[in-house]
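S.K.: okay, structure incoming, though there's no sequence with it:
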């Protein structure tokens, strides 16, 4: 049974957000080697699916046994992964990384809205404030509020589509879990469908040539798959069993904070005063969402 707002769910989702933040570290290592964004996504999804499948075949074979009614949710979650990658890539091309990042973080707002209709969750005042604060914090951290980056209508549409796709994984995964699917089954099947859908965009022959010329690409891709894909998606999916999808989505905005701090420590990037304020807003929204809710529930 799902335990709303439990400590375990909070820790799992926050850990997932932090690990997702390491994705930029590996991208900054792979792009100078001539690996395109779509190829990075294919390796990230594909290697994760292979590793999870091998592990499941050895230790958890029942992961492949699931109810037919859950398959459509697995497909939905997988397409959510693919959509977020593709739309995010085009949003970057048409706007900038900072603008695209903020548009991606419309996801918590979308999840909150969808959860009202899909899961019958209540839109509380606290949840609304946290949602707005986390989005504002993401905007400050990325620099969009300071006027960084160009904005175009197609770019905005692609960015919002990325946020919607990103939100779909939370919603479809929660639906599958509610209908009896195991967390390992959700992640294995979602990654399987995501990999199949992403293959046409990966320019596989070109990718093979690049890997042959520079085998280090495989090592970096495996590191990215483990650190910023396999581990966080497993943690996040398990965390969805113990907290609402809307809460989890808001908490996952710590990814942008983690990415900023990693850029500061690993690449010597500077952090502006607005970015610091944004970090405080994101962390503050997480604290408000998860510390005050249990206290209020005890009063009833």
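M.R.: Received, thanks. Owing to the predicted nature of the structure, the values given are computational and were not obtained by experimental measurement.

S.K.: got the buried residues for stretch 70-89?
M.R.: 70, 73-89 (16 or more other CB atoms under 10 Å). Glycine gets a C-beta too; all of them are placed from N, C-alpha and C.

S.K.: what's it in contact with?
M.R.: 37-38, 41, 45, 66, 100, 104, 158-159, 161-169, 171-173, 175-176, 179-181, 185-186, 189-194, 196-198, 201 (CB atoms under 8 Å, 6 or more residues apart in numbering).

S.K.: again with stretch 193-203
M.R.: With CB under 8 Å, 6+ apart, stretch 193-203 has contacts from 36, 38-39, 41-43, 45-46, 49, 74-75, 77-79, 81-82, 85-86.

S.K.: where does the nearest residue to residue 47 once chain neighbours are set aside land on pLDDT?
M.R.: Among residues not flanking residue 47 along the chain, residue 225 sits closest, at 3.8 Å (CB to CB, 6 or more residues apart in numbering). pLDDT for residue 225: 91.

S.K.: wait, residue 225 sits on residue 48?
M.R.: Yes. Here residue 225 reaches residue 48: they are 4.6 Å apart, a contact under CB atoms under 8 Å.

S.K.: one step back: name only those of the contacts of stretch 70-89 that count as buried.
M.R.: 37-38, 41, 45, 66, 100, 104, 158-159, 161-169, 171-173, 175-176, 181, 185-186, 189-194, 197-198, 201.

S.K.: so which of those residues belong to strands?
M.R.: Taking DSSP state E, every one of the buried ones among the contacts of stretch 70-89 sits outside strands.

S.K.: okay, residue 181: pLDDT?
M.R.: Note for residue 181: predicted pLDDT of 90.

S.K.: just residue 36 next, same as before
M.R.: The model's pLDDT for residue 36 equals 86.

S.K.: residues near the closest residue to it other than its chain neighbours, how many?
M.R.: The spatially closest residue to residue 36, leaving aside those adjacent along the chain, is residue 203, at 6.7 Å (CB to CB, 6+ apart). Residue 203 is flanked by 15 other residues according to other CB atoms under 10 Å.

S.K.: how near is residue 33 to residue 42?
M.R.: 15 Å (CB to CB, to the nearest Å).

S.K.: looking at the two, which one has more neighbours?
M.R.: Counted by other CB under 10 Å, residue 33 and residue 42 do not tie: residue 42 has more neighbours, with 24 against 13.

S.K.: if I read this right, that one contacts residue 208, doesn't it?
M.R.: No. Contact criterion CB under 8 Å: residue 42 and residue 208 do not qualify, at 11.3 Å.

S.K.: returning to that earlier point: just the buried residues of stretch 70-89: which are in helices?
M.R.: Judged by DSSP state H, the subset of the buried residues of stretch 70-89 located in helices is 70, 73-89.
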